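**Student:** Model the structure of this input:
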Amino acid sequence: MPRLAILERLRTNLPLIAPSMLKCDFGNLHREVELLEQAGAELLHWDVMDGRFVPNLSYGAMVIDKVRPLTEMVFDVHLMIEEPERYIDEYIAAGCESITIHIEATRQADAVLRRIREADCVTGLAFNPETPVAEVRDLLPWCDQVLVMSVKPGFGGQKFMPETLDKVRELQSLTDSQTIVAIDGGIGPSTIGPAAVAGAGLFVVGSAIFDQPDYSQAVSDLRAAAIGAESTGTRTSR
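**Tutor:** Here you go, the predicted model:
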């Protein structure tokens, strides 16, 4: 599906709950995908780790490629890898419609974002908790999605860092309504509301879905919490 069609699909369904596949049961991957589709997830968030940019290793393009034929959900890959420019084409070929790189992982962020857009994929830029918004500001025109890390990348199940909400608010003032502000790390029933009020529209969720017995109920409850917080809070308008 072309980039603009994907963006329209995503924007139409905000707020979005993006299950983090890092937490899924890889022994039953086909079944996990089916359950998430039944739960109404619009996209799957694939965390790719190289053991260099972050301490842990995860899966790569080969795994994603094998899962791609199983579902029409959007594949949103989060490359937590050094020098993503060396591997971008592999993830494009694997069928990832949305590709997010880390500004800390490359000296060629602008060129990589251009390559992603040239491939007609949604462009994403992530940054770590210690990185100021000023570091990504000049690249925002190239970003369809900006991902605020609310934990240190590389490990699941970490505690949410509330100070990162200031970055979400700052991004709200720097981007227009066409840019999706996402947040990743420690998102669950008690944190999704404040993140939504701050201005996040896409929420990467691991344990709060995969540790629950009913994925459909978990996704529904999280989305309802985000919508409820937006309606009663003071979310910045754009």
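**Student:** where do the strands sit along the protein?
**Tutor:** If DSSP state E is used as the criterion, the strands of the chain fall at 16-19, 43-49, 74-80, 98-102, 122-127, 145-149, 180-184, 202-205.
**Student:** mind putting those in JSON lines, mean neighbour count and distance to Glu163 included?
**Tutor:** Every residue, glycine included, has its C-beta placed from N, CA and C. Listed next are the strands of the chain as JSON lines, based on neighbours: other Cβ atoms under 10 Å; distance: least, Cβ to Cβ, whole Å:
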{"stretch": "strand 16-19", "mean neighbour count": "27", "distance to Glu163": "22"}
{"stretch": "strand 43-49", "mean neighbour count": "25", "distance to Glu163": "22"}
{"stretch": "strand 74-80", "mean neighbour count": "26", "distance to Glu163": "21"}
{"stretch": "strand 98-102", "mean neighbour count": "27", "distance to Glu163": "19"}
{"stretch": "strand 122-127", "mean neighbour count": "23", "distance to Glu163": "14"}
{"stretch": "strand 145-149", "mean neighbour count": "26", "distance to Glu163": "11"}
{"stretch": "strand 180-184", "mean neighbour count": "26", "distance to Glu163": "13"}
{"stretch": "strand 202-205", "mean neighbour count": "26", "distance to Glu163": "18"}
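**Student:** I'd say Glu90 and Ala61 touch.
**Tutor:** Yes. The pair Glu90 / Ala61 is scored as a contact, 4.1 Å apart, by Cβ atoms under 8 Å.
**Student:** Between these two, which is the more surrounded one?
**Tutor:** Counted by other Cβ atoms under 10 Å, Glu90 and Ala61 do not tie: Ala61 has more neighbours, with 20 against 14.
**Student:** who touches the more buried one in this structure?
**Tutor:** By Cβ atoms under 8 Å, 6 or more residues apart in numbering, the residues touching Ala61 are 48, 87, 90-91, 93-94.
**Student:** Kindly recompute the last result at 10 Å.
**Tutor:** Residues counted as contacts of Ala61 (Cβ atoms under 10 Å, 6 or more residues apart in numbering) are 46, 48, 77, 87-96.
**Student:** Met80 too?
**Tutor:** Per Cβ under 10 Å, 6+ apart, neighbours of Met80: 22, 47-54, 56, 58, 100-102, 104-105, 126, 128, 149, 153-154.
**Student:** low-scoring stretches of this protein, by residue?
**Tutor:** The chain contains residues with pLDDT under 70 at 155-157, 234-238.
**Student:** how about 50 then?
**Tutor:** 236-237 (pLDDT under 50).
**Student:** Can you show me the helices along it?
**Tutor:** 3-12, 29-38, 61-67, 88-93, 109-118, 165-174, 192-198, 207-210, 215-232 (DSSP state H).
**Student:** Throw the ones you listed into CSV and include distance to Val181, thanks.
**Tutor:** What follows is the helices of the chain, written out as CSV (distance: least, Cβ to Cβ, whole Å):
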stretch, distance to Val181
helix 3-12, 12
helix 29-38, 23
helix 61-67, 24
helix 88-93, 22
helix 109-118, 16
helix 165-174, 5
helix 192-198, 9
helix 207-210, 19
helix 215-232, 13
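**Student:** Quick check: the gap between Ala224 and Phe203.
**Tutor:** Noted for Ala224: a distance of 12 Å to Phe203, by Cβ to Cβ, to the nearest Å.
**Student:** ok, and the closest non-adjacent residue to Pro189?
**Tutor:** Leaving aside its sequence neighbours, Pro189 sits nearest to Ala225 (Cβ to Cβ, 6 or more residues apart in numbering; 6.0 Å).
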